[in-house]
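> Here you go, sequence then predicted model.
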Amino acid sequence: MPARVPLDVDLEDKLLYGLTPMRLAYIVVALLAAFALWSSHWSQTPIRALAVVLIITAGALAAWGRWRGRPVDVWGVDLAIFVLANYRVARRRPRVASH
């Protein structure tokens, strides 16, 4: 019995607004963090509003952002690997002046 294999079996599933499960998690976590930040009264309202807008923007950028055909989170991982591979933080001991 001949069978036809679908050509798109290697594509990721899209759940909501064209987002994969991982990308949907980015926006959900950003929205939860923004709500928690807004609900706490650690500062005046304009400062909290600015922080909430920045968090939601970062979540949306991580969920939908692409640059040169690659997702933004992949660029971030590549940047972190590059920095860790090429730069080391070394702590020098202070010199003790001898008399």
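Ah, there it is.
> CA only for contacts and neighbour counts going forward, please
Will do.
> So in that sheet, which strands flank the worst-scoring helix or strand of the chain on mean pLDDT, and in what orientation?
For the chain, the helix or strand with the lowest mean confidence is strand 66-67, at a mean of 87 (criterion: mean pLDDT, DSSP states H and E). Its sheet considered, strand 66-67 pairs with strand 70-71 (antiparallel) by DSSP bridges.
> Which SSE is immediately downstream of the strand it pairs with?
Under the assignment DSSP states H and E, the closest C-terminal helix or strand after strand 70-71 is helix 72-86.
> what residues does that next one touch?
For helix 72-86, the external contacting residues (C-alpha atoms under 8 Å, 6 or more residues apart in numbering) are Leu61, Ala62, Gly65, Arg66.
> Looking at it now, give me its mean pLDDT.
Across helix 72-86, pLDDT averages out at 92.
> Could you tell me how far it lies from the centre of the chain?
12 Å (C-alpha atoms, centre = their mean, to the nearest Å).
> pLDDT value on the residue nearest to the spatial centre of the chain, please?
For the chain, the residue nearest the mean C-alpha position is Ala62 (4.8 Å; C-alpha atoms, centre = their mean). What the model reports for Ala62 is a pLDDT of 90.
> residues touching it, list them.
Taking C-alpha under 8 Å, 6+ apart, one finds Arg23, Tyr26, Ile27, Pro71, Val72, Asp73 in contact with Ala62.
> And it, how close does it get to Ala51?
As judged by C-alpha to C-alpha, to the nearest Å, Ala62 and Ala51 stand 17 Å apart.
> name the element Ile27 belongs to?
Using DSSP H and E, Ile27 falls in helix 21-39.
> buried ones in that helix?
Arg23, Leu24, Tyr26, Ile27, Val28, Ala30, Leu31, Ala33, Ala34, Leu37, Trp38 (16 or more other C-alpha atoms under 10 Å).
> so the last one touches Ile47, yeah?
No - taking C-alpha atoms under 8 Å as the definition, Trp38 is not a contact partner of Ile47, at 9.9 Å.
> low pLDDT regions in the chain?
8-11, 99 (pLDDT under 70).
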